[in-house]
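J.: sequence first, then the predicted structure:
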Amino acid sequence: QVQLVESGGGLVQAGGSLRLSCAASGRTFTRYTLGWFRQAPGKEREFVIAITWNGAITDYADSVKGRFTISRDNAKNTMSLQMNSLKPEDTAVYYCAAAIKFTRVPGAYEYWGQGTQVTVSS
């Protein structure tokens, strides 16, 4: 069992930056791929970014490439999402999630946090 808790959301102006964190508890955290997803009002949950268990491989949605960076610290059971050059279309609830497979498919992620709101004003 893995429990995930996000933090760091908030309101920021377009062009600004935010850093989201995901704290994990429970055993075998290091076995899991970690990912970030987001869901805007009236839209489906979409993949944002993922990182393998050892941090060796990352995958970014085209919409965030060059602006967002993911990292993890297995010793501290944490994952971070650095978001730069934010745009109004980045506004959504952001969720961290854990999966055994390295994938973009939300259904493959077994564990989810409660989400944190990110709002980007124009």
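T.: That came in fine, so what should we check first? Numbers count the residues shown, from 1 in each chain.
J.: look up how far Ser122 lies from the spatially most central residue of the chain.
T.: Per C-alpha atoms, centre = their mean, the C-alpha nearest to the average position across the chain is that of Trp36, at 2.3 Å. Trp36 sits 23 Å away from Ser122, going by C-beta to C-beta, to the nearest Å. C-beta: built from backbone N, CA, C; applies to glycine.
J.: and the residue nearest to the residue nearest to the centre of the chain when sequence neighbours are not counted, how many neighbours does it have?
T.: Using C-beta to C-beta, 6 or more residues apart in numbering and skipping residues adjacent in sequence, the residue nearest Trp36 is Val48, 4.3 Å away. Around Val48 there are 25 other residues, counting by other C-beta atoms under 10 Å.
J.: same check, this time on the one 3 residues further on
T.: One way to gauge burial is a neighbour count; for Ile51, by other C-beta under 10 Å, it gives 23.
J.: bridge partners for it, pull those for me.
T.: Each beta-bridge partner of Ile51 is listed here, defined by DSSP bridges: Leu34, Thr58.
J.: same check on Val93?
T.: Counting by DSSP bridges, Val93 is bridged to Gln39, Gln117.
J.: what is the neighbour count of it?
T.: If we define neighbours as other C-beta under 10 Å, then Val93 has 18 of them.
J.: got it, and Ser25?
T.: 11.
J.: do the same with the one 3 residues further on
T.: For Thr28, the tally of surrounding residues (other C-beta under 10 Å) stands at 11.
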